[in-house]
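Participant: take a look and give me a structure for this.
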Amino acid sequence: MPPERMDNGIDEDRSTSPSNAPVAVIVDPYSTGCLVAKEIAKRGCVLMALWTKGFSDDMKAHVPMSAGTMNYFCEVDEHDSLEATAQAVRAACDGRELTACLAGGEAGVDLADALSEYLQLRTNGTQIPNRRDKKIQQELIRKTGLRSVRQSCGTKLEEVDQFLKTESFPLVLKPVESAGSDGVKLCSTYDEAKDHFELLMNSQMVNGGECPAVLCQEFLRGKEYVVDHVSRDGVHKTMMVWVYDKRPANGSAFVYFGCVPVDSNSPEAKILIPYVRGVLDAMGFENGPSHGEVMMTEEGPCLIEMNCRAHGGDGNWRPLCRALTGGYSQVEASADAYLDEFQFNRLPDKPPSPFRAHGLEVILVSFSQGTVQACPGYDVMKNLPSFLCLETGVKAGSKVDFTVDLFTGIGSVILLNNDKAALTRDLDFIRYMEKINGIFTYETRLEALSRPTSEAYERAYSTDGPHLIRHFSNDRPELRRPLVKRMTTVDASRECVVVVDPYSTGCLICEEILKRGYKVIALWTKGFTEEMKSHVPIACGALNYQAEIEEVGSLSDTANAVRKAAGSLKIVGCIAGGEAGVDLADALSENLEVRSNGTVIPNKRDKKIQMELIKKRGLRSVRQAGGAKFEDVEPFLNREQYPVVLKPTESAGSDGVKLCHNFEEAKEHFNVLMKSQMVNGGECPAVLCQEFLRGKEYVVDHVSRDGVHKTVMVWVYDKRPANGSAFVYFGCVPVPSDSP
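Facilitator: Predicted coordinates:
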């Protein structure tokens, strides 16, 4: 059984730092190296940070969120010689015992090997100098008969020129010492390779220092795997096998999208693990964590590079590994390798099979750039069922660029779930958020627009007709130019339109009327709530009404109130701005003698009346019964086949609509509706019980004038059951007007 250590969270130093506490030297602690350092501190050591020459302040500050605050006993800078550095380290210990010296990051590997050997601590030694050098790594494994990559390396172009001219393209060019995808490029032509070679030789690496040389390698085709180990005295224990999700994105050939754990008993793992252990032996690597990258080609595994330090990525994968293995990861095992032989020996040779859950690391990819204003996508991810943890340095004020390598990623999310299907759904959702740029909102900068010219000005189609546009006033500065006068007798700015209950789309109609120069009077029906009055679409600009008045007493009283509000303005129209305003708009427009649908058919909103009217014309209508008392509909509910639909006779959308599957459910919903207030205002006057129509539901929108109907759009509803409701709108899809 693996040791149980499921106590992770933000690491805390549990040592009390007594005066005799041993010292562990961490060379360039950053990223996962900080987590290893904290784990060592939990074992009773104090930490000394040793910074190599050229290691930037930005990298020193690269501390994972999960590491919390790094409390170093002391910090020392590398000196000109190994002896001087060792002397400075000993002096900083102030009499304390030196117990370990290890690399906290890629840039610290060489110094950690040399210093640990010099101090006679557990070490990988210097018998193989600069084992970080990827060229040397390939030469070492080739000598032992392991598959290696064809390559050439140099500091001058002429040193690799022959290789570039004889090897088949594409070729991979990268620094001989780097981490992740830093500086790695797939070059398709000689000229591209030449340009990238010169760029690298003039560049500084992300993890510090200049580029010492450039490595040109054959392009390995296949799947790329990672095999993480921890070693002690030449005994290698596999911590995890991963397969990279690496794809082209944003113009880069190598972008990390994630890392997926691989079962240690899978056919791939059974080949990869022995190969990587052979690589470690060939390199003389005997102690500490390692992170090997291997391509599984048609010919078998081939080393890409061996990183003689812990798996990077800020150690965000740590809680995932602990959940999959039952309590340990490369972080804890690294501390064991240096400090606790007993615990190291207890570690399994490789991870358990099968894993104890399903999970993966998702590396977030940016398809946009800008200065971050907020990170709403992170909050959404944290609520996903599979979410375990998020590691990111991006916050409000951060500058985000397109992701082209590991270092321009925008975070790492660990997903974990016992249900593989649920895990896949959450992963797909995160990838969708990336594609729609839904993770961040960016700061925007207002820019002054140039004054539109007459050539750029186009009159709206709907205002071209001589009966629609009249004489617009010339004093409207927002139009920026005088409008052509039409020979009519009325000035539109002296006319007004009454809109009854303008909300939702009704507000947009008001806005269109105002744009044409008319004044608008908002007339609110009795019982129309303040909440509904404030229901103005985001797309709608400010609505400056001429007046806002309430429905009063009788129809005549309301008409007089409207005329008083209009004053000298001529009332040329009265329309409904929403469902609740239809009845009053019909009656008032008739009273005011403007264009109207009239009251010949009272209460056209009543769905029961609608069905009765079309039935008289011989059109297919629904079987139904309606009433304000349950006994009015009880016979219908007793004889009609279930399910049946119950809804208010006057409502909008799915307000109050329910599919009832039995008599008791229908009776209960009837009583609920009769005691309810509709969303768009007013009480429920009656309940309509209808047969359940099976099929696709369509919407056909018209605009009519004097009985001439013009189809504006045909839609099909995407309506489905959800959250216990039978009718939930998921969308509305336009239908071609010439479709069957």
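Participant: from now on I want contacts and neighbour counts done on CA atoms only, so please keep to that.
Facilitator: OK.
Participant: where does Val260 land in three-state SS?
Facilitator: Following DSSP: H, G, I helix; E, B strand; the rest coil, the label given to Val260 is strand.
Participant: list the contacts for it?
Facilitator: Listed by C-alpha atoms under 8 Å, 6 or more residues apart in numbering, the contact set of Val260 reads 242-245, 359-361.
Participant: closest one of these to Ser676?
Facilitator: Comparing the contacts of Val260 against Ser676 with C-alpha to C-alpha places Gly359 closest, at 47.5 Å.
Participant: quick one, helices of the stretch 1-150 of the chain?
Facilitator: 32-42, 57-60, 82-93, 109-118, 134-143 (DSSP state H, counting those that start in this stretch).
Participant: let's test this: mean pLDDT of the first one, rounded?
Facilitator: For helix 32-42, the mean per-residue pLDDT is 97.
Participant: mind listing what's buried in that helix?
Facilitator: By 16 or more other C-alpha atoms under 10 Å, the buried positions in helix 32-42 come out as 32-42.
Participant: okay, the residues you listed in JSON lines with distance to Cys496 next?
Facilitator: Formatted as JSON lines, the buried residues of helix 32-42 follow (distance: C-alpha to C-alpha, whole Å):
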{"residue": "Thr32", "distance to Cys496": "70"}
{"residue": "Gly33", "distance to Cys496": "73"}
{"residue": "Cys34", "distance to Cys496": "71"}
{"residue": "Leu35", "distance to Cys496": "71"}
{"residue": "Val36", "distance to Cys496": "75"}
{"residue": "Ala37", "distance to Cys496": "76"}
{"residue": "Lys38", "distance to Cys496": "74"}
{"residue": "Glu39", "distance to Cys496": "76"}
{"residue": "Ile40", "distance to Cys496": "79"}
{"residue": "Ala41", "distance to Cys496": "78"}
{"residue": "Lys42", "distance to Cys496": "78"}
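Participant: show me what Ser252 is bridged to.
Facilitator: For Ser252, the beta-bridge partners are Ala249 (DSSP bridges).
Participant: for it, give its distance to Cys216.
Facilitator: Remark: distance between Ser252 and Cys216 (C-alpha to C-alpha, to the nearest Å) = 17 Å.
Participant: who has more neighbours, those two?
Facilitator: Neighbours were counted for Ser252 and for Cys216 using other C-alpha atoms under 10 Å; Cys216 has more, 29 against 15.
Participant: for the more buried one, name its beta-bridge partners.
Facilitator: Ser152, Leu173.
Participant: thought it was touching Ser152?
Facilitator: Yes: contact status for Cys216 versus Ser152: in contact at 5.2 Å, counting by C-alpha atoms under 8 Å.
Participant: once you drop chain neighbours, what's closest to the residue most central in space within the chain?
Facilitator: Geometric centre of the chain, nearest residue: Met433, 3.5 Å, by C-alpha atoms, centre = their mean. In space, Met433 comes closest to Ile439 once its chain neighbours are excluded; the distance is 6.2 Å by C-alpha to C-alpha, 6 or more residues apart in numbering.
Participant: ditto for Asp401
Facilitator: Of all residues not flanking Asp401 in the chain, Gln369 sits nearest, at 4.3 Å (C-alpha to C-alpha, 6+ apart).
Participant: what about the one you found, how many residues nearby?
Facilitator: Gln369 is flanked by 14 other residues according to other C-alpha under 10 Å.
Participant: give me phi/psi at it?
Facilitator: phi -150, psi 160 (degrees, to the nearest 10).
Participant: for Asp718, what are its contacts?
Facilitator: Residues near Asp718 by C-alpha under 8 Å, 6+ apart: 729-733.
Participant: is it in a helix, a strand, or coil?
Facilitator: Assigned state for Asp718: strand (three-state reduction, three-state DSSP).
Participant: for it, give its distance to Ile601.
Facilitator: Asp718 is 32 Å from Ile601, by C-alpha to C-alpha.
Participant: again with Tyr256
Facilitator: The gap separating Tyr256 from Ile601 is 67 Å, by C-alpha to C-alpha.
Participant: comparing the two, which residue is more hemmed in?
Facilitator: A count of neighbours by other C-alpha under 10 Å puts Tyr256 above the other of Tyr256 and Ile601, at 25 against 11.
Participant: surely the more buried one meets Glu361?
Facilitator: No: taking contacts as C-alpha under 8 Å, Tyr256 lies outside contact range of Glu361: 10.5 Å.
Participant: which neighbours do those two share?
Facilitator: Taking C-alpha under 8 Å, 6+ apart as the contact rule, Tyr256 and Glu361 touch no residue in common.
Participant: any stretches of the stretch 151-300 of the chain with poor pLDDT?
Facilitator: For the stretch 151-300 of the chain, the stretches with pLDDT under 70 are 178-181, 204-210.
Participant: now do the strands in it.
Facilitator: 151-154, 171-175, 185-187, 214-218, 223-232, 235-249, 252-262, 288-297, 300-307 (DSSP state E, counting those that start in this stretch).
Participant: could you export those as TSV, including distance to Thr123?
Facilitator: As requested, the strands of the stretch 151-300 of the chain are exported to TSV (distance: least, C-alpha to C-alpha, whole Å):
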stretch	distance to Thr123
strand 151-154	28
strand 171-175	25
strand 185-187	33
strand 214-218	27
strand 223-232	9
strand 235-249	13
strand 252-262	29
strand 288-297	8
strand 300-307	16
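Participant: and of those strands, who's closest to Asn418?
Facilitator: Closest of those to Asn418 is strand 252-262, at 14.4 Å (criterion: C-alpha to C-alpha).
Participant: hang on, Glu590 in a strand?
Facilitator: No: applying three-state DSSP, one finds Glu590 to be helix, outside a strand.
Participant: can you give me the pLDDT of it?
Facilitator: On the pLDDT scale, Glu590 gets 94.
Participant: and what of Asn8?
Facilitator: As predicted, Asn8 sits at a pLDDT of 43.
Participant: domains in this protein, by residue range?
Facilitator: Domain ranges of the chain: 23-118, 134-371, 372-444, 462-591, 607-691, 698-734, per automatic domain parsing.
Participant: and the ones you listed, which one's lowest on average pLDDT?
Facilitator: Among the domains of the chain, domain 462-591 carries the lowest mean pLDDT, at a mean of 83.
Participant: all strands of the stretch 501-650 of the chain, in order?
Facilitator: So, for the stretch 501-650 of the chain - with DSSP E, counting those that start in this stretch - the strands run 519-524, 547-550, 570-576, 624-627, 644-648.
Participant: same for the fourth one, what does it pack against?
Facilitator: Right, the one you point to is strand 624-627. Packing partners of strand 624-627 (3 or more C-alpha pairs under 8 Å, 6 or more residues apart in numbering; DSSP states H and E): helix 607-616, helix 630-639, strand 687-691.
Participant: which helix or strand contains Tyr729?
Facilitator: For Tyr729, the enclosing helix or strand under DSSP states H and E is strand 725-734.
Participant: and that strand, what does it pack against?
Facilitator: The helices and strands touching strand 725-734, judged by 3+ C-alpha pairs under 8 Å, 6+ apart, are strand 658-660, strand 708-722.
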